[in-house]
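Peer 1: Need coordinates for the below:
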Amino acid sequence: QVQLVESGGGLVQTGDSLLLSCAASGRTFSGYIMAWFRQAPGKEREFVASISANGYTDYADSVKGRFTISRDNAKNTVYLQMNSLKPEDTAVYFCQADWKGGSRRSPNNYRYWGQGTQVTVSS
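Peer 2: Coordinates of the predicted model:
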């Protein structure tokens, strides 16, 4: 069993930055594909970014060039650095772990996820 705890969300203004963290339990963290998803009110959960065990990254077009996903296997933590935030980035951000096959951009294809952290960007 893996537990994921997200932190770092908050209320910011357009153009500001935030660093989200996701701390994971479990001895096999380094082997997991990790991902960030987000869900705005009334919308489906959508892919933001993913990172493989060897550091390969993938980003949604809407965040490419503004967000950076990274991981520190020694700390069992994955990060999402968010720059140049926009009001449309407002959502609950979820960390998900242990891809089980299929599209890495589908939230249904990960075994574990956290409770989420709220990010609100004011205009």
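
Peer 1: CA atoms for contacts and neighbours, from now on please.
Peer 2: Noted.

Peer 1: what about the most centrally placed residue in the chain, which helix or strand?
Peer 2: By CA atoms, centre = their mean, the chain has its centre lying nearest to residue 36, at 2.1 Å. Here residue 36 sits within strand 34-39, counting by DSSP states H and E.

Peer 1: what number of residues lie near the nearest residue to residue 71 once chain neighbours are set aside?
Peer 2: Distances taken as CA to CA, 6 or more residues apart in numbering place residue 78 nearest to residue 71, at 4.2 Å, with adjacent residues excluded. For residue 78, the count of nearby residues is 26 (other CA atoms under 10 Å).

Peer 1: Could you say which helix or strand holds residue 78?
Peer 2: Per DSSP H and E: strand 77-82 holds residue 78.

Peer 1: contacts for that strand?
Peer 2: Contact with strand 77-82 is made by 17-24, 34, 36, 66-72, as judged by CA atoms under 8 Å, 6 or more residues apart in numbering.

Peer 1: Contacts for the following helix or strand past the strand holding residue 36 next, please.
Peer 2: Using DSSP H and E, the helix or strand that follows strand 34-39 towards the C-terminus is strand 46-51. By CA under 8 Å, 6+ apart, the surrounding residues in contact with strand 46-51 are 33-39, 57-60, 63, 68-71, 104-107.

Peer 1: Now do the contacts for residue 45.
Peer 2: Taking CA under 8 Å, 6+ apart, one finds 37, 38, 39, 107 in contact with residue 45.

Peer 1: Model confidence for the last one, exactly?
Peer 2: By that I understand residue 107. The score at residue 107 is 96. That number is its pLDDT.

Peer 1: Dihedrals phi and psi, it?
Peer 2: For residue 107, the backbone dihedrals are phi -70, psi -20 (criterion: degrees, to the nearest 10).

Peer 1: the longest strand in this protein is where?
Peer 2: strand 91-99 (DSSP state E).

Peer 1: which helices and strands does that one pack with?
Peer 2: Judged by 3 or more CA pairs under 8 Å, 6 or more residues apart in numbering; DSSP states H and E, strand 91-99 is in contact with strand 4-7, strand 34-39, strand 110-113, strand 117-122.
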